[in-house]
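*Asks:* no sequence for this one, just the structure:
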């Protein structure tokens, strides 16, 4: 039987893979960290956020945005709670830096906030079943864009 500490370590490894695959644009690896029916909630993110259902739908939305960008994402100070043998919840403080191409006209994005997540164990492997991104602050080109001043 896996201990809670063993499950927590598996979830930490899952989130590390999430960040690495996104930054390296390994979209197959990135897709694999989610359940097929994942719910991605960016309604509390900057701009007009949305809810997306499905790992394919989410990756198909994100990959073109980051296609020509260099990104560095970090997750910090995780709080993980095991709910059952197949479910858990977590909160991660986050920081990201994204350098968009000159052609995009966006410059550099720096952001901070939190990921609120639920996890589900499927066939012995932990995956992200729901993810809510809540940004605290965003700067683009050195100018605060969120929250609006």
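*Replies:* Good, I have the coordinates. As the structure is a prediction and not an experimental result, all values here were calculated from the model. Numbers count the residues shown, from 1 in each chain.
*Asks:* Enumerate every residue touching the nearest residue to residue 67 once chain neighbours are set aside.
*Replies:* In space, and not counting its chain neighbours, residue 67 is closest to residue 25: 7.7 Å by Cβ to Cβ, 6 or more residues apart in numbering. No exception for glycine: its C-beta is placed from N, CA and C like everyone else's. Contacts for residue 25 were tallied using Cβ atoms under 8 Å, 6 or more residues apart in numbering; they are 63, 66-67.
*Asks:* Okay, helices next: where are they in this structure?
*Replies:* 4-23, 27-31, 55-66 (DSSP state H).
*Asks:* Any chance of those helices in TSV with distance to residue 104, mean neighbour count and mean pLDDT as columns?
*Replies:* Shown next, in TSV, are those (distance: least, Cβ to Cβ, whole Å; neighbours: other Cβ atoms under 10 Å; pLDDT from 0 to 100):
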stretch	distance to residue 104	mean neighbour count	mean pLDDT
helix 4-23	17	16	96
helix 27-31	19	15	98
helix 55-66	9	14	95
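*Asks:* nearest to residue 81, of these?
*Replies:* helix 4-23 (9.1 Å; Cβ to Cβ).
*Asks:* Lowest-scoring secondary structure element of the protein by mean pLDDT?
*Replies:* strand 143-146 (a mean of 87; mean pLDDT, DSSP states H and E).
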